[in-house]
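Trainee: I would like the atomic coordinates for the input below:
(one chain, ligands or ions: 1)
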Amino acid sequence: MLSNKTIILGITGSIAAYKAAEIASQLTQAGAKVNVIMTKEAIEFISPVTFRALTGNPVVTEMFDLASEFSIEHVSLAKSADIVVIAPATANIIAKLAAGFADDMLCCTVLATRAPVVIAPAMETNMYDNPITQDNLSKLEARNFVIVGPATGWLASGKEGLGRLADINDILGSIRHILDRDGDLAGKHIVITAGGTQEPIDPVRYISNRSSGKMGYALAEAARDRGARVSLITAPTSIPKPAGVDVIKVNTAQEMRQAVENVTSQADALIMAAAVADYRPKSTANEKIKRRDAGLTIEMECTPDILGIVKGNFIKVGFAAESSKLVENAKEKLKQKGLDFIVANDITASDSGFGVDTNRVTIIDREGRIDSLPLMPKRDVAERVFDRVAELLPKPKSR
Ligand code: CTP
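Mentor: Next up, the predicted model:
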């Protein structure tokens, strides 16, 4: 996804410098050309050899290193960059950048580049909270630097607080988001639901279904990589949070409905890939229900039909899990729920639908167009869904 991209990773002297190794590794694995610049303080924490090995590229540590291919024309790196990322960024580098210093290779590169710059601060809470640091960050933000984090958590001082380097996934997500901001979903807000809702019976038991959430998560990543701002409303799954996506966790159909209504006010499209429970226990026991030989009858009631209820000026896409009469049933749902199109899949096939990485779907739109796609990875299905969404989005007015 990041092939043909040149990323400059700036590393400064923070205890979190070791985390930059994971960032360098993941960016390289995603196909990017990663050039690392380390300040002399950073070298006290982690060796340039690590980054040389991880990226396969020389690491720049000094401004006037005659052996370095970049040192003579020290702006050559700045020119080649698609993005500059400083992670971790200390209070010192933030202050220097805000003031326009050019006394080391990293500062010079940032001053000289036209590429977007991402800053991931990491420092003690008091240093971060200090109005001087806050002013410096505001200055950088006003000049279109993107600030990611910091997060709250365990700090080097042994205390918990704000100042920890942002989650690596969030840093990688912002990089992808910035690099993809010219995609066909750029500037669009896409809301996606995923997973199977859980309807509680008592404090330890619930009723749910076999949805893994894989289709919804693949949709979220595809939309993000096409430049969209993505809100992923997810029922519990075992899939890690996708980078660069706003994740809203819910359990029940009612919570999912609330979240969908809250976030769709400004949405351009809603894709309901979640397997929402159709029924829930009429009441939830406050205490764990005891075993009784007579057995147990649970009275169930309908959950809200989220897709059917939600209103707004956005593209509505549903999924239809069918075990028979695929097209007929899906067409009925399309009409009933007022959708722009529906993605129907046959859940009886072992290579398609719940739990697996592939899906064989039929896309049916309100004009009656029926498109039966072959078996493909869920990520490819997601791309086909967004090809259709992109067709339906209003075209930008040409000047
Ligand atoms: N859906 C929803 N709210 C529900 C049930 C389903 O928003 N309470 C959405 C699903 O996310 C999906 C679409 O409606 O996008 C169709 O879901 P599906 O389970 O196939 O259909 P149902 O409407 O539940 O009908 P049935 O279970 O009878 O086939």
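Trainee: Going by C-alpha atoms from here, please, whenever you check contacts or count neighbours.
Mentor: OK.
Trainee: which residues does residue 190 form a beta bridge with?
Mentor: residue 230, residue 269 (DSSP bridges).
Trainee: This protein: helices as residue ranges?
Mentor: Here the chain has its helices, by DSSP state H, at 19-29, 42-45, 48-55, 76-80, 91-99, 105-112, 125-129, 131-142, 168-179, 214-225, 253-263, 306-309, 326-336, 378-392.
Trainee: deepest of those, which one?
Mentor: When these are scored by mean count of other C-alpha atoms under 10 Å, the highest mean neighbour count falls to helix 214-225 (a mean of 26).
Trainee: Quick one: residues in contact with it.
Mentor: Among residues not part of helix 214-225, those counted as contacts by C-alpha atoms under 8 Å, 6 or more residues apart in numbering are 176-177, 180, 183, 185, 190, 192-195, 229-232, 239, 242, 244-245, 273-274, 355-357, 378-379, 382-383, 386.
Trainee: Pull out the buried members of these.
Mentor: Buried subset of the contacts of helix 214-225 (neighbour count, 16 or more other C-alpha atoms under 10 Å): 176-177, 180, 185, 190, 192-195, 229-232, 242, 244-245, 273-274, 356-357, 378-379, 382-383, 386.
Trainee: Would you mind trimming these to those in range of the ligand?
Mentor: Of the residues in these, proximity to the ligand by C-alpha under 6 Å from any ligand atom holds for 273, 274.
Trainee: Next to the ligand, which bits of the stretch 201-350 of the chain? Give me the list.
Mentor: With the criterion set to C-alpha under 6 Å from any ligand atom, the stretch 201-350 of the chain comes near the ligand through 272-278, 303-307, 318-321.
Trainee: what about stretch 358-366, how long is it end to end?
Mentor: Stretch 358-366 stretches 25 Å from its first residue to its last (C-alpha to C-alpha, to the nearest Å).
Trainee: Pull out the buried positions in it.
Mentor: 358, 359, 360, 361, 362, 363, 364, 365.
Trainee: Contacts (any at all) between the ligand and that stretch?
Mentor: No: Stretch 358-366 does not reach the ligand (C-alpha under 6 Å from any ligand atom); its nearest approach is 12.5 Å.
Trainee: Over that stretch, what's the mean pLDDT, rounded is fine.
Mentor: Mean pLDDT, stretch 358-366: 93.
Trainee: now stretch 378-385
Mentor: 93.
Trainee: Can you spell out the domain ranges of this structure, please?
Mentor: Under the assignment automatic domain parsing, the domains of the chain span 6-179, 189-392.
Trainee: pLDDT at residue 353, what is it?
Mentor: The model's pLDDT for residue 353 equals 66.
Trainee: can you check residue 68 too?
Mentor: Looking at residue 68, its pLDDT stands at 62.
Trainee: distance of residue 124 from the ligand?
Mentor: 44 Å (C-alpha to the nearest ligand atom, to the nearest Å).
Trainee: Any idea how many residues pack against that residue?
Mentor: 20 (other C-alpha atoms under 10 Å).
Trainee: how about the nearest residue to it, chain neighbours excluded?
Mentor: Beyond its immediate neighbours in the sequence, the residue positioned closest to residue 124 (C-alpha to C-alpha, 6 or more residues apart in numbering) is residue 163, lying 5.4 Å away.
Trainee: Can you flag which of the buried residues of stretch 358-366 belong to strands?
Mentor: Among those, the members found in strands (DSSP state E) are 358, 359, 361, 362, 363, 364, 365.
Trainee: mind listing what the third one touches?
Mentor: For residue 361, the contact set (C-alpha under 8 Å, 6+ apart) comprises 343, 344, 345, 346, 372, 373, 374, 375, 381.
Trainee: can you pull the pLDDT of the second one?
Mentor: The confidence metric pLDDT takes the value 95 at residue 344.
Trainee: so who does it touch?
Mentor: By C-alpha under 8 Å, 6+ apart, the contact set of residue 344 is 319, 320, 321, 322, 326, 327, 330, 361, 362, 363, 364.
Trainee: now swap in the first one and tell me
Mentor: By C-alpha under 8 Å, 6+ apart, the residues touching residue 343 are 317, 318, 319, 320, 330, 361, 362, 363, 364.
Trainee: one more time with 7 Å
Mentor: Neighbour list for residue 343: 318, 319, 320, 361, 362, 363, 364 [criterion: C-alpha atoms under 7 Å, 6 or more residues apart in numbering].
Trainee: same thing with the fifth one?
Mentor: With contact taken as C-alpha under 7 Å, 6+ apart, residue 372 is in contact with 361, 362, 363.
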